[in-house]
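Engineer: Sequence below, structure please.
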Amino acid sequence: MVTIFDVAKEAGVSKSTVSRVINRDTKVKKETRDAVEAAIKKLNYSPSYMAQAIRTRRTHTIALVVPEYSNIFYTDMFRGVEDIALKYGYMVMVCNTERHAMSEIEYTNQLLTRNIDGIIYNTYRTDDEMAEYLRQQSERLPILYMTKSLGDDENYACVYTDGFKSNRKAVQYLIDKGRHKLGYVMNSEDVSIIEDRFEGFVQGLKDFGLELNEKWVYRVPRENEPDYIKLGRDAAKYYASLKDRPDAILTATDMLAIGCVKGFNESRLQVPEEISVIGFDNIFVSSLIEPPLTTIAQPVRKMGQAAAEILISKLQGKNTQNKVIFEGKLIVRETT
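Structural biologist: Below is the predicted model of the structure:
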């Protein structure tokens, strides 16, 4: 059986150098790395990750906790996380909480028992109770959050898109297009990034001396397994029933916006002639509906990459930035 000592002898380096190459240490010189990798290939050496885990108390596995598998947004995020994880020799375990706060807690407890090295967390609860629970767990292993705030704690690692600034700019775009009666379709979840987008919308109205009309704010009902297309349709039917309706709406997500466009079409309201629609996320299907959706793009794959870079850097004991904030980009199509 070929051992790490055999590889070290073949490559003319120390055992610790072979270990550093296997663990994707970026400080190893290229010629040394090439020699070790050639020796590994020649000897057909396969490292025992179980033995490494016992010795180092590290499994080289990180977890990505998401609220749902079906959302394309999280699929793109996983690709970004995996891009970086594989680069450094880590595996990614994806956990689906199905939007249940208790499932988030149960998953975290299970991950701790399985010696996961770190967690990238998409939480659907940011209240003080959940924040305190996660703070306690972060004392045991690194946790990075894909959200803006966690309770009152600002000293945590996070990656997110600035929804406040993005929606503020979207309001300005609609005003410039001659739309002044603006509505908003909002998720019911208590999530800081969703609230941030709504606050940006409200500030955008204030920038132009417009007041928020509560009748034009549609809050979708809370559901454990939400059908966002249907919820968006319901929002469109609500707006269509109003005598004094908005001439443009922004939505918290693309899926809600797509449902709105379908609902307006069914209600015989012309998009964008009678009412404009702007989504948020720029998921793949947003360009395929009729008419194609104007939306705010998030660089989701890059967000996943940034999250993995920060988390793995922490695991490797490197000094690294704690927060990365991306800017959304308005993608103008045919619904405005």
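
Engineer: Run through the helices of the protein in chain order.
Structural biologist: With DSSP state H applied, the chain shows helices at 4-11, 15-22, 30-43, 49-56, 72-87, 101-113, 128-138, 163-176, 192-207, 228-241, 254-266, 300-315, listed in chain order.

Engineer: Single out the most deeply packed of these.
Structural biologist: helix 254-266 (a mean of 25; mean count of other C-beta atoms under 10 Å). Every C-beta, even on glycine, is put in place using the N, C-alpha and C of the backbone.

Engineer: Excluding sequence neighbours, find me the nearest residue to residue 79.
Structural biologist: With C-beta to C-beta, 6 or more residues apart in numbering as the criterion, residue 79 has its nearest non-adjacent residue at 5.5 Å, and that residue is residue 301.

Engineer: list the contacts for the one you found?
Structural biologist: Applying C-beta atoms under 8 Å, 6 or more residues apart in numbering, we find residue 301 in contact with 76, 77, 79, 80, 83.

Engineer: okay if I get the residues you listed as a markdown table plus distance to residue 31 and pLDDT?
Structural biologist: Formatted as a markdown table, the contacts of residue 301 follow (distance: C-beta to C-beta, whole Å; pLDDT from 0 to 100):
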| residue | distance to residue 31 | pLDDT |
| --- | --- | --- |
| 76 | 36 | 91 |
| 77 | 36 | 94 |
| 79 | 32 | 95 |
| 80 | 31 | 97 |
| 83 | 26 | 96 |
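
Engineer: Can you tell me which of the residues you listed is nearest residue 135?
Structural biologist: residue 77 (23.1 Å; C-beta to C-beta).

Engineer: Tell me who's in contact with that closest one.
Structural biologist: 64, 66, 122, 146, 300, 301, 303, 304, 307.

Engineer: so how far is residue 85 from it?
Structural biologist: 12 Å (C-beta to C-beta, to the nearest Å).

Engineer: How about residue 38?
Structural biologist: 24 Å.

Engineer: Relative to residue 238, how far out is the residue lying closest to residue 160 once chain neighbours are set aside?
Structural biologist: Closest residue to residue 160 apart from its sequence neighbours, by C-beta to C-beta, 6+ apart: residue 148 at 5.2 Å. According to C-beta to C-beta, residue 148 stands 28 Å off from residue 238.

Engineer: cool, and residue 307?
Structural biologist: Distance from residue 307 to residue 238, counting by C-beta to C-beta: 36 Å.

Engineer: again with residue 4
Structural biologist: 65 Å.

Engineer: Next: residue 199.
Structural biologist: On the measure of C-beta to C-beta, residue 199 and residue 238 end up 22 Å apart.

Engineer: Also residue 68?
Structural biologist: Distance from residue 68 to residue 238, by C-beta to C-beta: 24 Å.

Engineer: hang on, the earlier thing: can you tell me which of the contacts of residue 77 comes closest to residue 329?
Structural biologist: residue 300 (12.1 Å).

Engineer: Contacts only, for the nearest residue to the closest one once chain neighbours are set aside.
Structural biologist: Excluding its sequence neighbours, the residue lying closest to residue 300 (C-beta to C-beta, 6+ apart) is residue 76, at 4.1 Å. Residues in contact with residue 76 (C-beta under 8 Å, 6+ apart) are 300, 301, 304.

Engineer: okay, those residues in CSV with distance to residue 266 and pLDDT next?
Structural biologist: CSV is the format used below for the contacts of residue 76 (distance: C-beta to C-beta, whole Å; pLDDT from 0 to 100):
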residue, distance to residue 266, pLDDT
300, 30, 94
301, 34, 95
304, 36, 97
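
Engineer: Pull out the CA atoms of stretch 175-195 and give them to me as CSV.
Structural biologist: Extracted C-alpha coordinates of stretch 175-195, given in CSV (Å, rounded to 0.1, in the frame of the first residue of the first chain):
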residue,chain,number,x,y,z
ILE,A,175,-39.8,57.9,-12.1
ASP,A,176,-37.6,58.8,-15.0
LYS,A,177,-39.9,56.7,-17.2
GLY,A,178,-42.9,58.8,-16.0
ARG,A,179,-44.3,56.4,-13.5
HIS,A,180,-45.3,58.0,-10.2
LYS,A,181,-47.8,55.6,-8.7
LEU,A,182,-45.6,52.8,-7.4
GLY,A,183,-46.6,49.6,-5.5
TYR,A,184,-44.6,46.8,-3.9
VAL,A,185,-45.1,43.1,-3.6
MET,A,186,-43.3,41.9,-0.4
ASN,A,187,-42.4,38.5,1.0
SER,A,188,-43.9,37.7,4.4
GLU,A,189,-40.7,36.2,5.8
ASP,A,190,-38.8,38.1,8.5
VAL,A,191,-35.6,38.2,6.6
SER,A,192,-33.2,41.2,6.8
ILE,A,193,-32.3,41.3,3.1
ILE,A,194,-36.0,41.2,2.1
GLU,A,195,-36.8,44.0,4.5
